[in-house]
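1. Here you go, sequence then predicted model.
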Amino acid sequence: MADKNTNKVMDKLVSLAKRRGFIFQSSEIYGGINSCYDYGPLGVEMKKNIKELWWKSMVYERDDIEGLDASILMHPKVWEASGHMAGFSDPLVDCKVCKSRFRADQIDLEKPCPVCGNRDSFTEIRQFNLMFKTFMGPVEDSAHVVFLRPETAQGIYVNFHNVREAARRKLPFGIAQIGKAFRNEITPGNFIFRTREFEQMEMQYFVKPGEDEKWFEYWKEKRMQWYQRLGLQKDKLRFHEHAPDELAHYAKAAFDIEYEFPFGWNEIEGIHNRTDFDLSRHQEFSGKDLRYFDDQTKERFIPYIIETSIGCDRTLLTCLVDAYTEEEERVVLKLSPAIAPIKAAVLPLVKRDGMPEIAKKIVDEIRGDYRIFYDEAGSIGRRYRRMDEAGTPFCITVDSQTLEDKTVTVRERDTMAQERVHINEIKTYLDEKLKA
Ligand code: ATP
């Protein structure tokens with residue numbers, strides 16, 4: 001349970017996220033809608049950077065993974081085959097006195113209600129399916145029900161043969177996808193940690209049965225390493241192995257990667273050995289042969305799947321929490337330059353002597369590859385503080401020395417160290433420092 005101190009950190013982060021334009025409450029002018037959020041100018045950049053870093057490491061830097069972008073609405077049979085219709089539910093209880101709603105697996109039902117303190121006040125446990133329903137076409141009857149996908153993975157499974165054939169792939173190979181998923185969560189919360197609409201970055205790796213354990217270990221390590229590239233503190237990350245009673249119906253083995261949030265250790269990514277469950281089920285429900293033909297051994301079999309599944313929004317929250325630092329005179333987001341929304345700010349020291357003109361020229365010369373920000377309003381100290389809160393790794397200041405020798409001051413965000421760089425070398429300097 002969150003204590004006052006952890007709430008304070010989260011409150012401050014939520015307020016900074018709004019103030020600087022990372023994240024806003026959805027439909028705020030109408031009083032907001034629970035657990036839905038909008039990404040502002042900085043948030044959208046940061047989210048894009050996280051997705052690009054993931055895509056780069058999963059697709060561009062490898063030669064065994066293809067990309068996919070499947071549609072959100074799928075044939076309803078997909079969800080029967082996947083087990084979501086029957087089993088994608090959370091146990092729900094209400095307190096009869098204060099009407100608070102809980103996930104029965106997250107509280108102790110023997111104890112008093114955590115909100116009002118009354119004893120024996122819980123209703124019976126009810127199973128609540130988390131899939132959002134809607135109707136396809138104008139007729140709202142049971143024959144036209146479709147679901148908003150609760151995970152992106154199924155879009156990958158049903159396209160297994162399409163991708164394999166089009167990309168002429170042999171096992172082992174993977175399919176990566178980034179996209180929205182929707183879950184009608186009973187208890188959303190902790191800002192963007194658990195929302196009802198979110199984005200996932202999933203990769204499904206198809207392997208020969210018998211080689212699954214080796215690949216599972218491989219992906220566990222690979223995925224943990226990725227968080228170093230995001231710049232997260234190592235001691236805030238750990239694995240959590242699912243005990244046999246925690247394992248999902250489809251999984252032979254599962255590990256979560258957890259991060260220590262102000263509200264405790266929580267999952268940010270799941271790595272699952274899904275066996276041949278998914279393709280077997282889709283083969284059964286679709287009547288299509290989803291086996292793989294191994295032309296060396298002349299065998300036909302259903303591949304096993306190793307899944308890596310991570311939430312993009314949850315990762316963004318993790319990066320914000322990890323980067324949030326209060327120092328004596330400033331609040332600074334020590335984000336990895338690779339994911340920082342604004343890579344550099346260009347600041348004329350004063351609004352005269354031709355400094356703004358030189359600064360704008362620099363902006364024109366270096367913009368194009370990444371987000372650059374120009375700011376001439378307020379004292380230089382205030383402008384530095386604003387950029388510290390936005391997590392901008394470099395501030396480039398045009399000052400009186402620039403007029404003499406064409407060098408600028410480059411200030412590094414975390415150390416506040418300053419060095420002089422020639423105007424003609426700024427682009428190379430930034431390219432070097434911003435390499436992911
Ligand atoms: P939880 O136990 O937290 O409900 P889960 O085990 O159901 O999560 P998965 O189905 O494995 O989660 O989803 C993979 C990843 O998708 C999670 O690690 C998380 O990063 C993200 N995710 C899942 N549900 C949500 C949500 N409601 N809001 C934001 N991200 C989510």
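-> Thanks, I have it.
2. what comes up buried for the longest helix along the chain?
-> Assignment by DSSP state H gives helix 212-229 as the longest helix of the chain. If you call a residue buried by 16 or more other Cβ atoms under 10 Å, then helix 212-229 has these buried ones: 212, 215-216, 219-220, 222-224, 226-227. Placement of C-beta: from N, CA and C, glycine included.
3. Same check on stretch 45-64?
-> 45-47, 49-51, 53-55, 57-59.
4. and if you look at stretch 34-45?
-> Under the neighbour-count criterion of 16+ other Cβ under 10 Å, stretch 34-45 has 35, 37, 39-40, 42-43, 45 buried.
5. how far does it sit from the chain's center?
-> Stretch 34-45 has its C-alpha centroid displaced from the chain centroid by 12 Å (Cα atoms, centre = their mean, to the nearest Å).
6. for the protein, what spans make up the helices?
-> Going by DSSP H, the chain shows helices at 4-19, 41-55, 76-82, 84-87, 153-157, 160-166, 212-229, 277-286, 312-323, 355-366, 380-390, 400-405, 426-433.
7. Quick check: which of the ones you listed is nearest to Q296?
-> Nearest of these to Q296, taken as Cβ to Cβ: helix 160-166 at 15.9 Å.
8. So which other helices or strands are in contact with that closest one?
-> In terms of contacts (3 or more Cβ pairs under 8 Å, 6 or more residues apart in numbering; DSSP states H and E), helix 160-166 is packed against strand 173-182.
9. Report whether the strand it packs on contacts the ligand.
-> No - counting by Cβ under 6 Å from any ligand atom, the ligand is not contacted by strand 173-182; separation bottoms out at 7.3 Å.
10. What helices and strands are in contact with that strand?
-> Counting by 3+ Cβ pairs under 8 Å, 6+ apart, strand 173-182 packs on helix 41-55, strand 65-68, helix 153-157, helix 160-166, strand 197-207.
11. among the ones you listed, which is nearest the ligand?
-> Across those, the ligand has its closest neighbour in strand 197-207 (3.7 Å, Cβ to the nearest ligand atom).
12. same for that closest one, what does it pack against?
-> When contacts are defined as 3+ Cβ pairs under 8 Å, 6+ apart, strand 197-207 packs onto helix 41-55, helix 153-157, strand 173-182, helix 212-229, strand 304-311, helix 312-323.
13. related to what we said a few turns ago, so does the longest helix of the chain get close to the ligand?
-> No - between helix 212-229 and the ligand, judged by Cβ under 6 Å from any ligand atom, nothing touches; the nearest distance is 11.0 Å.
14. Would you tell me which of the helices and strands packed on strand 197-207 gets closest to Y259?
-> Taking these one by one with Cβ to Cβ, helix 312-323 is closest: 5.0 Å.
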